[in-house]
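A.B. asks: any chance you can model this:
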Amino acid sequence: MDDTIPDSLIPYDEIVQEALRAVVGRVLGQVEASGGDLPGNHHFYITFKTAAPGVQIPQHLKARFPDEMTIVLQNKFWDLKVSEAGFSVGLTFNQVPTTLVVPFAAITAFVDPAVDFGLQFQALGGDDAPEPHEDAENDSPAEPVASTDDGSNVVTVDFGRKK
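C.D. replies: Take a look at the predicted model:
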């Protein structure tokens, strides 16, 4: 009897990740529809691959964050625009206003610490672990990010692609 799991001809991992990224789009779309007002204490940490196709960030940020960048949507953001493919948002970095464009496919993590909710996605374009990076310092969060090792509502999608 053969106990090996056969390769799936249906790309379940891609389908699930696409659906979970749609959750991020729906949440951001609700914030956009409300005029950019976050309800209650909600705020978001969004981590994305800076070199992913479609990401548009200033060169000085790309040099500082060559692999991944985490932004915070809390108090100081504007012009949030959400499309089917991604979002754009205005933030300040060292008191310089900037617009970022981030496709949903570039997102690797989405966390709302106010309700202990988070999603993590497989990184795009390789199996290597991301390089360590500092927070983008676009907004000072009021509270630290909750640990995801404590049974919180974090969904991790990792189907362990065969190499």
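A.B. asks: how many residues are close by the closest residue to Gly36 other than its chain neighbours?
C.D. replies: Distances taken as Cβ to Cβ, 6 or more residues apart in numbering place Leu80 nearest to Gly36, at 5.3 Å, with adjacent residues excluded. C-beta here means a position set from N, CA and C on the backbone, and glycine is covered the same way. When counting by other Cβ atoms under 10 Å, one arrives at 18 neighbours for Leu80.
A.B. asks: wait, is Leu80 part of a strand?
C.D. replies: Yes: judged by DSSP: H, G, I helix; E, B strand; the rest coil, Leu80 forms part of a strand.
A.B. asks: so after the top helix by length along the chain, what's the next helix or strand?
C.D. replies: Criterion DSSP state H: the longest helix present in the chain is helix 12-33. Past helix 12-33, further along toward the C-terminus, the next helix or strand under DSSP states H and E is strand 44-49.
A.B. asks: which strands or helices does that following strand pack on?
C.D. replies: helix 12-33, strand 68-73, strand 107-112 (3 or more Cβ pairs under 8 Å, 6 or more residues apart in numbering; DSSP states H and E).
A.B. asks: averaged pLDDT, the first one. What do you get?
C.D. replies: Per-residue pLDDT values over helix 12-33 give a mean of 93.
A.B. asks: and if you look at the last one?
C.D. replies: This predicted structure assigns strand 107-112 an average pLDDT of 96.
A.B. asks: phi and psi next, for Gln74.
C.D. replies: When read as degrees, to the nearest 10, the backbone of Gln74 gives phi -140, psi -80.
A.B. asks: quick one: contacts of the longest helix of the chain?
C.D. replies: Under the contact criterion Cβ atoms under 8 Å, 6 or more residues apart in numbering, helix 12-33 has outside partners 37-38, 44, 46, 73, 80-82, 84, 86-87, 104-105, 107, 110, 112, 119, 121-122, 155, 157, 159, 161.
A.B. asks: how about the helices and strands packed on strand 44-49 in CSV, adding mean neighbour count and distance to Pro6?
C.D. replies: CSV is the format used below for those (neighbours: other Cβ atoms under 10 Å; distance: least, Cβ to Cβ, whole Å):
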stretch, mean neighbour count, distance to Pro6
helix 12-33, 15, 13
strand 68-73, 22, 34
strand 107-112, 22, 29
